[in-house]
Structures are given as C-alpha cells and as structure tokens.
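Colleague: Let me see the structure of the following:
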Amino acid sequence: MKEIRALNAFDRATATALDADVQRLVDQRHRVMGAASVLFYATPVEMVSARGAYVSDTNGSAYPGCYNNVPSVGHAHPHVTAAIAETLASLGH
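Modeller: Model (predicted):
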C-alpha cells in the first residue's frame, strides 16, 4: 500500500535545519502527542500566549487563532476560563 502524506504537514525526517531549541520542542511534541498530531509549517511556530482571537509566538508576532473552536469564543474568554476552573476544582473530590 502506498503511503499518503499531507502536503502541508511538517516532515520530521527531512527537517535538518532546525535550531536546537526548536528541534527539542518538535521531539517533545512527538513524544507526547504522537505521530498523528501533525505540524503544518515548514518551520514550526512556538505559540506562547493567546488573548481574544489572537495567538502570539516567541518573537511577539500575532496570528489569528482560527483553528478548532477559537473563532466562536476566542482565547481566554471568561465563560471558557470559568468552565475550565470549575472542572479543575471538581477533580479529585
């Protein structure tokens, strides 16, 4: 059976020019998330913060956070953070 590869997915096998910190993050992500969780950029972007409809990378560049359910409520939406806090508070009881 022929392997089918996503054209827009990051390929760990051919990513030889990553700096050491980015390579460490890529390796860690692969260990934790597995091969099924693909990256979509030739050079991975490390997001470090999010607010409203935007996420920011380590260089301070902002990107619209339009992946998954973000467009409907935004990052750090008060209703979402309250629901998360309520769920976390109920764990272990």
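
Colleague: what about Val38, which helix or strand?
Modeller: Of the helices and strands defined by DSSP states H and E, none includes Val38.

Colleague: so is the spatially closest residue to it that is not a sequence neighbour in a helix, a strand, or just coil?
Modeller: Counting by CB to CB, 6 or more residues apart in numbering, Val38 lies nearest to Ala9, which is 4.2 Å off, once chain neighbours are set aside. Quick note: C-beta positions are derived from backbone N, CA and C, even for glycine. The three-state assignment at Ala9 reads coil, by DSSP: H, G, I helix; E, B strand; the rest coil.

Colleague: What of the one 4 residues further on?
Modeller: Assigned state for Ala13: helix (three-state reduction, three-state DSSP).

Colleague: and the residue nearest to Val38, what does it touch?
Modeller: Ala9 sits next to Val38, Leu39, Phe40 when contact means CB atoms under 8 Å, 6 or more residues apart in numbering.

Colleague: Now restrict those to buried residues only.
Modeller: Taking 16 or more other CB atoms under 10 Å as the criterion, what is buried in the contacts of Ala9 is Leu39.

Colleague: May I see the contacts of Ala9 organised as TSV, with distance to Gly52 and pLDDT added?
Modeller: Formatted as TSV, these follow (distance: CB to CB, whole Å; pLDDT from 0 to 100):
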residue	distance to Gly52	pLDDT
Val38	26	79
Leu39	24	81
Phe40	22	77
